[in-house]
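Peer 1: Here is my input; please provide its structure:
(one chain, ligands or ions: 1)
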Amino acid sequence: MSVRVGDLLKTGSQSFSFEFFPPKTDAGEEALWSALGELEPLAPTFVSVTYGAGGTTRDRTVAITGRIARQTSMVPVGHLTCVGATVDELRAVVTEYGDAGVHNVLALRGDPPGGPGGEWVAHEGGLNYASELVSLVRDGGDFCVGVAAFPDPHPASGSHEVDVQVLKAKQEAGAEFAISQFFFKSESYFDLLARARSIGVEIPIIPGIMPVTNLAQITRFAALSGADFPAEIAAEFAAVDEADVRALGIEKASQLCRELLDGGAPGLHFYTLNRSTATREIYAHLGLGASA
Ligand SMILES: Cc1cc2nc3c(=O)[nH]c(=O)nc-3n(C[C@H](O)[C@H](O)[C@H](O)COP(=O)(O)OP(=O)(O)OC[C@H]3O[C@@H](n4cnc5c(N)ncnc54)[C@H](O)[C@@H]3O)c2cc1C
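Peer 2: From the prediction side, this is the model:
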């Protein structure tokens, strides 16, 4: 019987999950499986694998999630985007996921080539919005579908209010859970939650955590995703020696996680960048499981 992330979240236990991306090289592939092996003992609720820009990782994302389903104890969530694909092609990927034993899908629109703020042009015969993809996946079989949520305004909408209306449309299309973009202050998450609940969004919203381990990298990621890297936090990192950035990043991410869990967040979703150490260190700080 297939495990549905939506059902796991309904049990009331906190959910801990890890996100990976499909590597491009053999060395990257080795690093991915080693990180997965090191994180498996933490018994995550699920692990997710991204779907690369322009649908370029289609085969690898399906293959990796399928292998996780077959060869590990972990529940895989396969990401899927609308970018560069017709409706028929999207339906085919959904069928491939089902055949590979992957029954949980994160349905996303994906970004135009210029990044999330760039002009979106739907593929001919394709879809425009993630909400349409949610329906397509639900129609494709017995899938549990998750979606993205945004604590800072999505660059193309520029508005908190529009973002929660879009989240509601994804819930109405059949989404059972959401994972948030990364953010750096717990109030960003709790404000999103309050806005969402006030207009009838009831699905669990799992906060996404990106620990700062490298200042240049986080600045680039924040610019690319539209997440706000607050000036006062950037200044705290700029004030320490480069060698101490990582330790400060783990400390601050652990503090953020503690505030989120204490405030009632349903769990935590770690953007691992295919490495296990930072996540294991945060787990140890939080007293959550096997130490780093
Ligand atoms: C947890 C998480 C995982 C991600 N994984 C991936 C991945 O694997 N691969 C990848 O390429 N990207 C990924 N992304 C990035 C994501 O694809 C981008 O942030 C993208 O810009 C928005 O995707 P969405 O699913 O929220 O789109 P949508 O919900 O479709 O929203 C996209 C834009 O359209 C607007 N919009 C939506 N519906 C309507 C409507 N009915 N009318 C008018 N405007 C509307 C929204 O306001 C928003 O500005 C991920 C993001 C998150 C938070």
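Peer 1: Now do the end-to-end distance for stretch 222-241.
Peer 2: 21 Å (C-alpha to C-alpha, to the nearest Å).
Peer 1: Could you do stretch 65-80 as well?
Peer 2: 12 Å.
Peer 1: next one: stretch 113-125
Peer 2: So stretch 113-125: terminal residues 18 Å apart, C-alpha to C-alpha.
Peer 1: And for stretch 116-128?
Peer 2: With C-alpha to C-alpha, one end of stretch 116-128 sits 14 Å from the other.
Peer 1: What of stretch 263-276?
Peer 2: 26 Å.
Peer 1: Buried residues, it. List them.
Peer 2: For stretch 263-276, burial by neighbour count (16 or more other C-beta atoms under 10 Å) applies to 265-276. Quick note: C-beta positions are derived from backbone N, CA and C, even for glycine.
Peer 1: same deal with stretch 44-61?
Peer 2: For stretch 44-61, by 16+ other C-beta under 10 Å, it's 44-52, 54-55, 57-58, 60-61.
Peer 1: Quick one: mean pLDDT for it?
Peer 2: Stretch 44-61 comes out with an average pLDDT of 89.
Peer 1: on that earlier part again, which ones among the buried residues of stretch 44-61 come in contact with the ligand?
Peer 2: Among the buried residues of stretch 44-61, the ones lying near the ligand by C-beta under 6 Å from any ligand atom are 50-51.
Peer 1: May I ask which two of the buried residues of stretch 44-61 are separated the most?
Peer 2: Between any two of these, the greatest separation by C-beta to C-beta is 29.6 Å, found for T45 and G54.
Peer 1: Quick check: which element contains the residue nearest the centre of the chain?
Peer 2: Centroid-nearest residue in the chain: I179, 5.4 Å away (criterion: C-alpha atoms, centre = their mean). I179 belongs to strand 177-182 when elements are defined using DSSP states H and E.
Peer 1: In its sheet, which strands sit next to that strand, and in what direction?
Peer 2: When pairing is defined by DSSP bridges, strand 177-182 lines up against strand 144-149 (parallel), strand 205-209 (parallel).
Peer 1: What is the lowest-mean-pLDDT helix or strand in the chain packed up against?
Peer 2: Least confident helix or strand, the chain: helix 215-225 with a mean of 90, by mean pLDDT, DSSP states H and E. Helices and strands touching helix 215-225, by 3 or more C-beta pairs under 8 Å, 6 or more residues apart in numbering; DSSP states H and E, are strand 177-182, helix 231-238.
Peer 1: Could the C-alpha coordinates of the longest one be exported in CSV?
Peer 2: Same thing as helix 231-238. The C-alpha coordinates for helix 231-238 follow below in CSV (Å, rounded to 0.1, in the frame of the first residue of the first chain):
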residue,chain,number,x,y,z
ALA,A,231,20.1,43.2,6.1
GLU,A,232,20.5,42.8,9.8
ILE,A,233,21.1,39.1,9.5
ALA,A,234,23.5,39.6,6.5
ALA,A,235,25.3,42.1,8.7
GLU,A,236,25.7,39.5,11.6
PHE,A,237,27.3,37.1,9.1
ALA,A,238,29.5,39.8,7.5
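Peer 1: got the buried residues for it?
Peer 2: 233-234, 237.
Peer 1: about what we covered before: contacts made by the least confident helix or strand of the chain with the rest, please.
Peer 2: 115-116, 181-182, 210, 212, 227-229, 234, 237-238, 242, 245, 249 (C-beta atoms under 8 Å, 6 or more residues apart in numbering).
Peer 1: Show me which residues of the stretch 51-200 of the chain are close to the ligand?
Peer 2: So the stretch 51-200 of the chain meets the ligand at 51, 53, 79, 81, 106, 108-111, 116, 129-131, 148, 154, 156-157, 162-163, 166, 169, 179, 181 (C-beta under 6 Å from any ligand atom).
Peer 1: Next, check those against the helices and list the overlap.
Peer 2: 130-131, 162-163, 166, 169 (DSSP state H).
Peer 1: any idea which of these is the one closest to the ligand?
Peer 2: Using C-beta to the nearest ligand atom, A130 comes nearest to the ligand of those, at 3.3 Å.
Peer 1: related to what we said a few turns ago, and of the buried residues of stretch 263-276, the nearest to the ligand?
Peer 2: Of the buried residues of stretch 263-276, the one sitting nearest to the ligand (C-beta to the nearest ligand atom) turns out to be H269, at 6.9 Å.
Peer 1: got a list of what that closest one touches?
Peer 2: Here H269 is in contact with 15, 17-19, 48, 179-180, 206-209 (criterion: C-beta under 8 Å, 6+ apart).
Peer 1: now swap in E172 and tell me
Peer 2: S131 are the contacts of E172 under C-beta under 8 Å, 6+ apart.
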